[in-house]
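# sequence isn't available, so here's the structure alone:
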C-alpha cells in the first residue's frame, strides 16, 4: 500500500509518500513545494496544484492523506490556508485517488502516541519508523510523512479489528475518516 | 471589454459575465454552480473548478473579478470558503485570464454608491445597470455580476484619471487591486 501525505500551506506545501506492507514502511519520496516567494497568490496556487498533480502521477499512491485543521490562528490565516488546501484536495480528486483527512492531534497520537507531541518528537519518530539516517527535511516534508504514516497505522488498526466494523472502533479512530471518498 | 465575476462558495458559486463599451453594459451569461448536495467536499471542489474552467473557456473574458473576504463568521467557515475560492482562482489563472479582487464594501460602493448597501439594493442596481426585466436569480449570480460591474466601474475610473496614475487615485480605489496579475 502506498500513501501520499500532504501538509498544505500557501508558502510551503509538504509532501511525503510511504510504501508499506503493514509492518515495515519505506520512504518513496518526500519534499516541499515552495512557489517563488514573489509570485502572486493565484500563481502560487497554480504551482502547488500542478506540482502535486505531477507528483501523484509519478508516485501512484493508493490513498492521499491530508492534514485537517478546524482551528487556525485567525480568520485571515484560515482563509489563506483554505486556498492552498483546496487546490491540494483538487489535485487528489483529479488524480482519482481516495482522500482521507486527519486532525493534527490524531496524527500526533498515531505517530508518537500522544496528541500534544512536539514537532521534534514527530520528526524523530518519522526518522525511526522509516529507518532514515537523518530526520526528513524540511519540516513540512516530515509533517506530510506523519500524515501518511498516521493513515498507515489507522488502516492497520482497522484491519486488525476487522473492517468495516466501524462501530467497534474507538471514537477517536472513527472521527479520523472525515471525508472518505473510497468508492 | 468582458469581465467575468465570481462569488465563490462551496455550496453555491455564483458567476456572471458582462460585456461593456465603458458606458453600456450587457449581460453575457450568469448563474450559479451548485455541486450535488450530497457530494463529498473534494468532489464539490472538483465540480466548481471544472465548471468555472468550462465557463471561462466559453465566455472568453478579458478579466476575472472575484470577491475578496478578510472577514468571515468564524475560522471554520473561513477555511471552507478558502477552499472554494482557491479552486476558483486556480481556474482563472489556468485560463490565463488576469485576476482582480474587490472587498464586499468596495463592490457595494462601486455598484450602489454606499459600502453598507443591502443585498436587495445591489440586486436592484444590477437589474437597472444591465437593463434586465427581472433581478438576476439566484442571488449568488447577482453577487457575481456585482463584482464584475465593480471592476468595470473601477476600470472606467482608472481610464478617466489616466492610468497608470495610481498615486492620484483615492485610497479606496487603490486598495481595490489587491492582486493585480495584469502582465
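Received the coordinates, thanks. Please read these numbers as outputs of a predicted model, since none were measured by experiment.
# show the contacting residues for residue A:91.
Contacts for residue A:91 (Cβ atoms under 8 Å, 6 or more residues apart in numbering or on different chains) come out as A:48-49, A:52-53, A:56. For glycine as for every other residue, the C-beta is placed from the backbone atoms N, C-alpha and C.
# what mean pLDDT does the helix or strand hosting residue A:146 have?
Of the helices and strands defined by DSSP states H and E, residue A:146 is found in helix A:139-161. Within the predicted structure, the mean pLDDT of helix A:139-161 is 88.
# what's it packed up against?
strand A:2-7, strand A:13-20, strand A:25-33, strand A:63-67, strand A:99-102, helix A:104-111, helix A:119-130, helix A:171-176 (3 or more Cβ pairs under 8 Å, 6 or more residues apart in numbering or on different chains; DSSP states H and E).
# tell me the residues of chain A that contact chain B?
Applying Cβ under 8 Å from any Cβ of the partner chain, one finds that chain A approaches chain B through A:40-43, A:45-46, A:49, A:69-72, A:74-76, A:78-87, A:89-90, A:92-94, A:99, A:179-181.
# these in strands, which ones?
Secondary structure assignment by DSSP state E places residue A:99 of the residues of chain A next to chain B in strands.
# now the buried members of the residues of chain A next to chain B.
When burial is judged by neighbour count using 16 or more other Cβ atoms under 10 Å in any protein chain shown, the buried members of the residues of chain A next to chain B are A:40-43, A:45-46, A:49, A:69, A:72, A:75-76, A:78-87, A:89-90, A:92-94, A:99, A:181.
# contact partners for the residue of chain A found nearest chain B?
Per Cβ to the nearest Cβ, residue A:82 is where chain A lies closest to chain B, at 1.9 Å. With contacts taken as Cβ under 8 Å, 6+ apart, residue A:82 has the following neighbours: B:78-83, B:85-86.
# again, but for residue A:151
For residue A:151, the residues meeting the contact criterion (Cβ under 8 Å, 6+ apart) are A:3, A:5, A:63, A:65, A:100, A:102.
# farthest residue from the center of chain A?
Note on chain A: the largest C-alpha distance from the chain mean falls to residue A:38, namely 26.3 Å (Cα atoms, centre = their mean).
# may I have the secondary structure class of it?
Following DSSP: H, G, I helix; E, B strand; the rest coil, the label given to residue A:38 is coil.
# show the pLDDT at it.
Note for residue A:38: predicted pLDDT of 90.
# any figure for the gap between the residue nearest to the spatial centre of chain A and residue A:145?
The centroid of chain A falls nearest to residue A:5 when counting by Cα atoms, centre = their mean (3.0 Å). Distance, residue A:5 to residue A:145, using Cβ to Cβ, to the nearest Å: 6 Å.
# quick one on the thing from earlier: deepest of the helices and strands packed on helix A:139-161, which one?
Scoring those by mean neighbour count under mean count of other Cβ atoms under 10 Å in any protein chain shown gives strand A:2-7 as the most buried, with a mean of 27.
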